[in-house]
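**Student:** I need the structure of the sequence given here:
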Amino acid sequence: MDLYQKIRTLPTSPGCYLYKNAEGEVIYVGKAKNLRARVRSYFLQASQANAKTGTLMREAVDVDYITVANEHEALALENNLIKQRKPRFNILLRDDKTYPYIKLTLADRYPKVFVTRRLRRDGSAYFGPYFPGNLAHRLVDLIHRSFLIPSCKVDLSRYHPRACLQYYIKRCLGPCVEGLTTPEDYRQAIRDVQLFLEGRPGELEQRLTARMTAAAENEQYELAARLRDQITTVHQMQDKQRIASAENEDADVFGFHFENEMLAVNLFHMRSGKIVDRRDFFWEDLPDFAAFAIEEDVTEALLIDSSEGVTLEVSSRAERSEVEGSAVSSLAAATTTDPTLEPNPTTPAPEIHDDSPIAEEHSPITDPVSHLTTNNQPLTTAFNPAAFFSALLKQLYLDQGYVPRSILVPVDFPDRTTLAELLAQRTGHRVDIAVPQRGEKRSLVDLVCQNAKQSYDQRFRVLIPSQKAIAQALQDALTLEELPRRIECFDISHIQGAETVASMVVWEDGAMKKSDYRKFQVRTVTGVDDFASMHEVVRRRYSRLLDDKKPLPSLILIDGGLGQLHAAADALNELGITTQPLASIAKREEIIYVYGQEDDPIVLDRRSPVLHLVQKIRDESHRFAISYHRKRREMRDRSSELLEIPGVGLRTRQRLLEHFGSIRAIRQTAEKNPDALTAVVNKATADRIRQHFAADQNTPANPTLTILN
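**Tutor:** Below is the predicted model of the structure:
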């Protein structure tokens, strides 16, 4: 059964529909009061005028559905399906963290206290949520120190032979060992913790004071001192914490700022009339979602006469123009008051016939609605905050154990009443989702919107440019003919001409490609001659590429100045490579020389992303060259230095290295305790080893490792 035939069989009851692509992946999840009418609306020509809906319907090859009893259940099911399947055509809440609760395991024999972010029906008591998040951890630590209730994973359903460290540092009553505490004392401590977390300091203080007085009268001064400290702790608690129920002045306030197809949302948590915490949310890819919401409005305005319940047949250009004009005015009013995101299920949807244009696979859609504009802005690129907040609030609150009684949002949306009713059913108290228009609440929403603007500026106006933008800037700075996709960088490393090596690192498509790194051992150059070394390495590298008929890089970068640059250019010219882009970056000055433009070096701002990219590649080649040079020195030391000593052969060298670990350790032993060498070699060989290293001390010390360019 194809997609169009399956749509005819959909029920008219409430539920959720899931569009799937050819791979069977769910690409969009939606809800509807009338499944058949809602799914059919996607195939209207007006809706196809929108870019996102057209893309969705071109990818969709199947649709599944789940029926439910009412719209409330459809709302909850849609939220669960979006979080489970993460369809790419739905808005997704990336930061879906919840604030922590404090869990008191009252169902256990000896209850414990934990910090958790999940509420379960397991007989435990949950207190919170706590703002900010670290407050819950601080309170649990306070409970450990003052009330001695543990958070450990020890099984307290049985006794153990020995208590853990927490008992000995006086952070636990020790219920794991028989005789350290009694069940009555432990239950009393748990009751104190409950009063503390429920925010009943008066009652808790009375209990603690009475017990402290009794302990003092019975000369139990240590117990009395501990109870005194608990009373002090209660006095120091400034913010009263409550169990998961709120009073009328508790509210969550939303604000947003949208610009350049990027969105910042701020959420302020108010508890007892005070702002106790805030959260930031950011989206960088919202245009599709926004356009999709407006497309549904256009579909309503163009093809559905909701007052008469009649589908309009627009056939002539004149009739279409008339409908367009009315659609624009209707849309302008809808988006400012109550934009409808779901079609009216009581309105008959158009029938789908086999000869209908919408049944033609991938048929191009040409409809004037795609050009409709409001305020000279294309409809398909406008941002619809109503559709956004409808999706955001569902994902934020439907899975939460605690929802404040008041939620203030900057715009109205069609699911607002339904969502408030569903949240009230789940929480057991009235939830008011309000859109304040004036007064203090509106001022508060405006304040949050202003903070969202600040968050937007901090997040998006200081964004690091994309790799493509940096590559384009590098192309412009170095006047390259094409966008650089692959850069190969060379560096030379040696010590006074000894063990000269070279490295080549590769940057490709925005990242270092370590699989293409290459190491070179310079063969034809003796002594200190960086120019000749660079000439040899570059010639070897690209003669090999020419032999293998592999493409040349977009840019060759040399670590060094004009001398190294010209040496590399000479090597390329000998190979007949005359059009290859070639540049070098000089140390200290950080000046970039481009071959052919040496008289006009490029000096970039030290904060330039282009300079940072070139430096990153240069530094990586520097690091790779040094690591290879050190490895070569170690190999040289191990293979030659000991063998130069008379009487030390391969087997003796191996025994010495295995016993002392390194050449340096053998040298130090020979200098400080020569007799220790006799544990491996005889006395005559030990004397020769000592004399060899003593002679080395009389020669100038080896210079430190440097890169010579």
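**Student:** So what are the sheet partners of the helix or strand that residue 492 is a member of and their directions?
**Tutor:** In the assignment (DSSP states H and E), residue 492 maps to strand 486-495. Neighbouring strands of strand 486-495 in its sheet, by DSSP bridges, are strand 498-508 (antiparallel), strand 555-559 (parallel).
**Student:** next structured bit after the first one?
**Tutor:** Note on strand 498-508: by DSSP H and E, the next helix or strand toward the C-terminus is strand 511-512.
**Student:** Neighbours of the nearest residue to residue 598 once chain neighbours are set aside, how many?
**Tutor:** Closest residue to residue 598 apart from its sequence neighbours, by CB to CB, 6 or more residues apart in numbering: residue 562 at 6.0 Å. C-beta here means a position set from N, CA and C on the backbone, and glycine is covered the same way. The number of residues packed near residue 562 is 15, by other CB atoms under 10 Å.
**Student:** quick one: low-confidence parts of this protein?
**Tutor:** Residue ranges of the chain with pLDDT under 70: 1, 44-54, 94-98, 131-133, 234-249, 285-382, 461-465, 496-498, 633-640, 696-709.
**Student:** any idea which helix is longest in it?
**Tutor:** The residue-count maximum for a helix in the chain (DSSP state H) belongs to helix 609-636.
**Student:** can you give me the offset of that helix from its chain's centre?
**Tutor:** 30 Å (CA atoms, centre = their mean, to the nearest Å).
**Student:** Pull out the buried residues from that helix.
**Tutor:** The neighbour-count check on helix 609-636 (16 or more other CB atoms under 10 Å) flags 609-611, 613-615, 617-618, 620-622, 624-626, 628-629, 632-633 as buried.
**Student:** same thing with stretch 77-90?
**Tutor:** 77, 78, 79, 81, 82, 83, 85, 87, 89, 90.
**Student:** got a list of contacts for that stretch?
**Tutor:** 15-16, 18-19, 25-31, 52, 56, 66, 68, 92, 96, 288-289, 292, 391, 394-395, 398-399 (CB atoms under 8 Å, 6 or more residues apart in numbering).
**Student:** Which ones among those map onto strands?
**Tutor:** 15, 16, 18, 19, 26, 27, 28, 29, 30, 31, 66 (DSSP state E).
**Student:** and the two most separated of those?
**Tutor:** 15 and 27 (18.0 Å; CB to CB).
**Student:** Looking at these two, which one has more neighbours?
**Tutor:** Counted by other CB under 10 Å, residue 15 and residue 27 do not tie: residue 15 has more neighbours, with 24 against 19.
**Student:** partner residues bridging that one?
**Tutor:** The partner residues for residue 15, given DSSP bridges, come to residue 32, residue 67.
**Student:** all helices of the stretch 51-200 of the chain, in order?
**Tutor:** 51-59, 71-85, 134-147, 165-168, 183-197 (DSSP state H, counting those that start in this stretch).
**Student:** want to throw the ones you listed into CSV with distance to residue 105?
**Tutor:** Shown next, in CSV, are the helices of the stretch 51-200 of the chain (distance: least, CB to CB, whole Å):
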stretch, distance to residue 105
helix 51-59, 47
helix 71-85, 28
helix 134-147, 13
helix 165-168, 17
helix 183-197, 10
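**Student:** do you know which of those helices lies nearest residue 416?
**Tutor:** It's helix 71-85; of the helices of the stretch 51-200 of the chain, that one is closest to residue 416 (CB to CB) at 11.3 Å.
**Student:** mind giving me the domain ranges of the chain?
**Tutor:** Using automatic domain parsing, the domain parsing of the chain gives 3-90+287-352+366-381, 251-286+384-460, 469-632.
**Student:** and the end-to-end length of the shortest one?
**Tutor:** This points to domain 251-286+384-460. The first and final residues of domain 251-286+384-460 sit 28 Å from each other (CA to CA, to the nearest Å).
**Student:** try the last one
**Tutor:** End-to-end distance for domain 469-632, by CA to CA: 40 Å.
**Student:** what's the distance between residue 142 and residue 191?
**Tutor:** Applying CB to CB, to the nearest Å, the value for residue 142 to residue 191 is 17 Å.
**Student:** just residue 63 next, same as before
**Tutor:** With CB to CB as the criterion, residue 63 and residue 191 are 56 Å apart.
**Student:** Those two - which one has more neighbours?
**Tutor:** The neighbour comparison of residue 63 against residue 191 (other CB under 10 Å) goes to residue 63, with 17 against 13.
**Student:** what sits against the more buried one?
**Tutor:** Residue 63 neighbours (CB under 8 Å, 6+ apart): 3, 6, 7, 10, 17, 18, 19, 20, 39.
**Student:** filter these to the buried ones?
**Tutor:** So, by 16+ other CB under 10 Å, the buried ones in the contacts of residue 63 are 3, 7, 10, 17, 18, 19, 20, 39.
**Student:** Show me which pair in these is furthest apart.
**Tutor:** 10 and 20 (14.6 Å).
**Student:** Check whether residue 471 really touches residue 482, as I assumed.
**Tutor:** No: between residue 471 and residue 482 there is no contact under CB atoms under 8 Å: 10.2 Å.
**Student:** which one of the strands paired with strand 486-495 has the most crowded surroundings?
**Tutor:** Each of the strands paired with strand 486-495 was scored by mean neighbour count; the highest is strand 555-559, a mean of 26, by mean count of other CB atoms under 10 Å.
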